[in-house]
Every structure is written in structure tokens, then in C-alpha cells.
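Enquirer: heads up, no residue letters with this:
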């Protein structure tokens with residue numbers, strides 16, 4: 001059984017306003033690379049397969065996310081409006097089974113996900 005990674009990227013990013021009115025926080029760049037792409041790249045580097053990554057996003061920015069990740073074979077779980085972490089997990093239940101990793105697209109801490117896959 002492969003472990004799925006559920007990456008939450010549907011938050012409002014209100015502390016970064018007014019920038020996040022047009023660009024979701026998860027797509028804000030750091031050195032030219034969107035934050036969510038950095039997180040997903042780390043998951044892949046640590047052993048997750050693209051097809052085992054589910055990006056939870058808000059419908060308002062769905063076209064932007066699909067465009068940004070058009071080169072990757074990841075799944076999208078789309079919510080009509082922000083519904084909190086538990087709500088996003090509930091909305092993504094068709095993609096996940098036990099066990100799964102829950103992470104946030106803007107969490108740039110140095111966690112070794114390889115150990116979690118063992």
C-alpha cells in the first residue's frame with residue numbers, strides 16, 4: 001500500500017493581503033518558485049510518487065493551480081470555499097485511505113518525510 005500525501009493549499013492568506021487577492025498564498029513565489037511547488041518537490045524527493053499527492057485547493061483559484069502543476073501527475077481536491085483543515089480532509093476522502101500524510105503547502109520546515117514512509 002502506498003502512502004498518500006494530502007497537501008492543504010486552500011487558505012485565504014489574509015496576512016499577506018493585498019497580494020493574496022489575486023494570487024493564493026500557496027502560489028506566492030520564493031526565489032521565483034511557488035511555495036506549494038517547493039513543498040510538493042520535497043515530498044517527491046523524499047519518496048512520494050506524483051500520483052500519490054493530492055493538492056487541496058479553493059475553487060476560486062483552481063485555474064491558477066491547474067496551470068502551475070500542469071506538468072505533474074497530481075490529484076486536485078477542490079472545495080467551493082475554505083472549510084478548515086478537517087473540512088479539506090473530509091472533502092478529499094475519496095482520494096485517501098489509511099495511512100496518509102497531512103501537510104500544509106506553506107510549511108517549509110525541514111522534515112524528513114523519508115522516515116515517515118518506512
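Expert: Sure, I can see it. What you see is a predicted model, and the numbers here were worked out from it, not measured in a lab. Residues are numbered from 1 along each chain as shown.

Enquirer: next one: stretch 64-81 to chain centre, how far?
Expert: With C-alpha atoms, centre = their mean, to the nearest Å as the basis, stretch 64-81 stands 9 Å off its chain's centre.

Enquirer: pLDDT of that stretch, averaged?
Expert: What stretch 64-81 shows for mean pLDDT is 93.

Enquirer: Can you point out the buried residues in that stretch?
Expert: Neighbour-count burial for stretch 64-81, with 16 or more other C-beta atoms under 10 Å as criterion, is recorded at 64, 65, 68, 69, 74, 75, 77, 78, 79. Where you see a C-beta, it was placed from the backbone N, CA and C, and this is true even at glycine.

Enquirer: And stretch 27-47, by the same measure?
Expert: In stretch 27-47, counting by 16+ other C-beta under 10 Å, buried: 27, 34, 35, 36, 37, 38, 39, 40, 42, 43, 44.

Enquirer: Repeat that for stretch 53-61.
Expert: Under 16+ other C-beta under 10 Å, the buried positions of stretch 53-61 are 53, 54, 55, 56, 57, 58, 61.

Enquirer: In this structure, mark out all the helices, start to finish.
Expert: 35-45, 62-68, 84-91, 113-117 (DSSP state H).

Enquirer: TSV please, covering those helices and showing distance to residue 5.
Expert: Formatted as TSV, the helices of the chain follow (distance: least, C-beta to C-beta, whole Å):
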stretch	distance to residue 5
helix 35-45	5
helix 62-68	16
helix 84-91	12
helix 113-117	8
